[in-house]
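Visitor: My questions concern the predicted model and sequence given below.
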Amino acid sequence: MFNLTRRQFLQYSGAAGAALGTTGLAGIASAQEPLKIGVVYVSPIADIGWTKQHSLGVDAIKAEFGDKVALTVIDNIFMPQDAERVFRELAASGNQLVFGTSFSHGTPMQKVAPRFPKVAFEHCSGIVHLANLGTFEAKYYEGTFVAGAAGAHMSKAGKIGFIGGFPIPDIVGPANALLLGAQSVNPDATCNAIFLNSWFDPGKEKEAANTLLSQGCDVICSMTDTATGVQVAGEGGAWSIGYASDMAKFGSGKQLTAFTLDWSSDYVGAAKGVAAGTWKPEARWDGLAGGVVKMAPYNEAIPADVITKLKQLEADIGSGKIHPYAGELKDQDGNVKVAAGSVLADADIRGMNWFVKGMIGKLG
């Protein structure tokens, strides 16, 4: 497997792109030729976090296919102009399946995919589908709802803190669900939210976490690609909630749980489809029931009866008995967004651009 930095890839791709062409979507993997797959990570590969979980999906492909697959992996590609070139060169270099792993990869993939109709593209966090561009996503909000309930059980202040990378629906929705989960335990709970406008900036994340602590938040959840929020919370004596990976080892014993992500089924499923010539663009969106979202072990400091309730909550969300966005829901200004007896439609969940009542902060 090739593991390339941005600079190495841009050097490599010029030569490789001239030498190799594209292939079709049907019957592309023969007994002699390995299936060629390109993967683009939005941040550096670390021991934990968003990109780490995607790397575990790649590992699942290697475990499934062995030497029948040839992988090229490029990390730390965030800027759209860089991403477009990288996706174009991966497609031109003979890769039959190309993965993008960030919302920011969307526009570049939408530009490149039509130029390579025989290449299958898979976009994590995407919302646009083309003839050869599919998407896969997680129902993060199911995990944050459970985590919020755990936080409310342990919080003395009733104040949750949330740090997000960007104010996009994939982050705003889970932030809302975090508070709604907390309010299912403590109706008076509130949540202070700060956005970094970056997925990977430990310095800004540390500053944000300290700000939340100074505001009296005693539970902090951070949806970025570092464990900084968990670490700062623990050092400050506050509880924390991990994201993507289990971050307990960074939390000074104070991580309550984490909503982790397992993309293995998406990676392996797409690779099998392309190898068999049966791949087609899909919109996959799974949560607790599908095993894409999983709750990390609960902190032993949480009372046993509460842990039992949290595990039942997981099961009830997975079965559909409980919906995190069940009405009545009001926005920050008190306007009813979801009526009592109704639930927020899937399309509205995926496009959520408003805060629920009790959220403190701005999206702009």
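Guide: Great, that's in hand.
Visitor: can you give me the helices for this protein?
Guide: For the chain, applying DSSP state H gives helices covering 6-19, 50-65, 80-92, 106-112, 140-154, 169-183, 202-214, 228-235, 264-276, 304-319, 346-350.
Visitor: okay, those in JSON lines with mean neighbour count next?
Guide: All C-beta spots, glycine's among them, are computed from the backbone N, C-alpha and C. Output for the helices of the chain, formatted as JSON lines (neighbours: other C-beta atoms under 10 Å):
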{"stretch": "helix 6-19", "mean neighbour count": "14"}
{"stretch": "helix 50-65", "mean neighbour count": "20"}
{"stretch": "helix 80-92", "mean neighbour count": "21"}
{"stretch": "helix 106-112", "mean neighbour count": "20"}
{"stretch": "helix 140-154", "mean neighbour count": "27"}
{"stretch": "helix 169-183", "mean neighbour count": "26"}
{"stretch": "helix 202-214", "mean neighbour count": "18"}
{"stretch": "helix 228-235", "mean neighbour count": "25"}
{"stretch": "helix 264-276", "mean neighbour count": "20"}
{"stretch": "helix 304-319", "mean neighbour count": "15"}
{"stretch": "helix 346-350", "mean neighbour count": "14"}
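Visitor: Out of these, which is closest to Glu328?
Guide: Glu328 sits nearest to helix 169-183 of all those, at 11.4 Å, using C-beta to C-beta.
Visitor: Give the other helices and strands that the closest one contacts.
Guide: Where contact means 3 or more C-beta pairs under 8 Å, 6 or more residues apart in numbering; DSSP states H and E, helix 169-183 is packed against helix 140-154, strand 159-164, strand 190-195, strand 219-223, helix 346-350, strand 359-360.
Visitor: Of the helices of the chain, which is nearest Ile194?
Guide: Closest approach to Ile194 among the helices of the chain is made by helix 202-214 (4.4 Å; C-beta to C-beta).
Visitor: what mean pLDDT would you report for that closest one?
Guide: Average pLDDT, helix 202-214: 98.
Visitor: how about the helices of the chain, which one is nearest Phe250?
Guide: Nearest to Phe250 among the helices of the chain is helix 228-235; the distance by C-beta to C-beta comes to 4.6 Å.
Visitor: Give me the packing partners of that closest one, helices and strands only.
Guide: Identification of packing neighbours for helix 228-235 by 3+ C-beta pairs under 8 Å, 6+ apart yields helix 202-214, strand 219-223, strand 239-244.
Visitor: Now render these as a markdown table, adding distance to Leu179.
Guide: Below are the helices and strands packed on helix 228-235 laid out as a markdown table (distance: least, C-beta to C-beta, whole Å):
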| stretch | distance to Leu179 |
| --- | --- |
| helix 202-214 | 14 |
| strand 219-223 | 10 |
| strand 239-244 | 12 |
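Visitor: out of those, nearest to Ala70?
Guide: Taking C-beta to C-beta, strand 239-244 is the member of the helices and strands packed on helix 228-235 nearest to Ala70, at 26.9 Å.
Visitor: Please enumerate residues in contact with the closest one?
Guide: By C-beta atoms under 8 Å, 6 or more residues apart in numbering, the list of residues contacting strand 239-244 from outside reads 48-50, 52-53, 144, 147, 150-151, 154-155, 178, 218-225, 227, 229-230, 233-234, 247-248, 251, 254-261, 296, 299.
Visitor: How about stretch 279-290?
Guide: Residues from elsewhere that reach stretch 279-290 (C-beta under 8 Å, 6+ apart): 25, 97, 120, 129-143, 146, 265-266, 270, 273, 292-295, 314, 317-319, 346, 350.
Visitor: again, only this time at 7 Å
Guide: With C-beta atoms under 7 Å, 6 or more residues apart in numbering as the test, stretch 279-290 has contacts from 25, 120, 129-139, 142, 266, 270, 273, 292-293, 314, 317-318.
Visitor: Which residues does Ile194 form beta bridges with?
Guide: For Ile194, the beta-bridge partners under DSSP bridges are Ile163.
Visitor: can you count the residues close to it?
Guide: Close neighbours of Ile194, defined as other C-beta atoms under 10 Å, add up to 21.
Visitor: show me the contacts for it.
Guide: Ile194 neighbours (C-beta under 7 Å, 6+ apart): Ile163, Ala208, Thr211, Leu212, Gly361.
Visitor: Need those residues in CSV (columns: distance to Thr308).
Guide: Formatted as CSV, the contacts of Ile194 follow (distance: C-beta to C-beta, whole Å):
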residue, distance to Thr308
Ile163, 29
Ala208, 33
Thr211, 35
Leu212, 29
Gly361, 33
